[in-house]
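[1] What follows is a predicted protein model with its sequence.
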Amino acid sequence: MISVLIDISLTLCKIRLMSAQSSVPTLPPKQALILELLVEESELYGLQLVEASKGKLKRGTVYVTLGRMEEKGFITSRLEKAPADEGGLPRRLYKASAYGRRALDAYAHVVRHLTPRLAR
């Protein structure tokens, strides 16, 4: 009985240790949507993403999500030059990185092949 308890506790410790060390990035549905839009359109700024999402993305959260995606390496961004004659602030344009494209392909594969048919 004591040896069984020790085995279980050691297994649980290993599982916790493995999950704590795992740094596999996740791809939530909103991030997948953003990647899909960026792959389709090449380069967009935040409000264009909101408009293209047809209500699935909100103005108040899109930039936070874009920041997280850039930290994960899924997207890159650059500042567009401000229009000289109109005087305004430069806009930040976002583009899917090669890593982001691979993550989206893997996500699409999981959705197509590994999710149960009833969940679709």
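    Received, thanks.

[2] from here on, contacts and neighbour counts on C-alpha atoms
    Noted.

[3] Spatially central, which residue of the chain would that be?
    residue 31 (3.6 Å; CA atoms, centre = their mean).

[4] That one: which element?
    Using DSSP states H and E, the element containing residue 31 is helix 29-41.

[5] Give the buried residues for that helix.
    Neighbour-count burial for helix 29-41 flags 31, 32, 33, 34, 35, 36, 37, 38, 39 (criterion: 16 or more other CA atoms under 10 Å).

[6] Neighbouring strands - and their directions - for the following helix or strand past it?
    Downstream of helix 29-41, the next assigned helix or strand under DSSP H and E is strand 43-45. Using DSSP bridges, the strands paired with strand 43-45 are strand 92-96 (antiparallel).

[7] buried ones in the strand it pairs with?
    Of the residues in strand 92-96, 93, 94, 95, 96 count as buried by neighbour count, 16+ other CA under 10 Å.

[8] Let me see the contact set for the second one.
    Contact analysis of residue 94 by CA atoms under 8 Å, 6 or more residues apart in numbering lists 38, 43, 44, 45, 46, 75, 76, 77, 78.

[9] Output the helix holding residue 31 as PDB - backbone C-alpha positions only.
    Below are the C-alpha coordinates for helix 29-41, written out as PDB (Å, rounded to 0.1, in the frame of the first residue of the first chain):
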ATOM      1  CA  PRO A  29      -9.500  31.100 -31.600                       C
ATOM      2  CA  LYS A  30      -9.100  34.900 -31.800                       C
ATOM      3  CA  GLN A  31      -5.400  34.600 -32.500                       C
ATOM      4  CA  ALA A  32      -6.200  31.900 -35.200                       C
ATOM      5  CA  LEU A  33      -8.700  34.300 -36.700                       C
ATOM      6  CA  ILE A  34      -6.100  37.200 -36.800                       C
ATOM      7  CA  LEU A  35      -3.500  34.900 -38.400                       C
ATOM      8  CA  GLU A  36      -6.100  33.700 -41.000                       C
ATOM      9  CA  LEU A  37      -6.900  37.400 -41.900                       C
ATOM     10  CA  LEU A  38      -3.200  38.300 -42.100                       C
ATOM     11  CA  VAL A  39      -2.400  35.300 -44.300                       C
ATOM     12  CA  GLU A  40      -5.200  36.300 -46.600                       C
ATOM     13  CA  GLU A  41      -4.400  40.000 -46.800                       C
END
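
[10] Right, I'll call it a day here.
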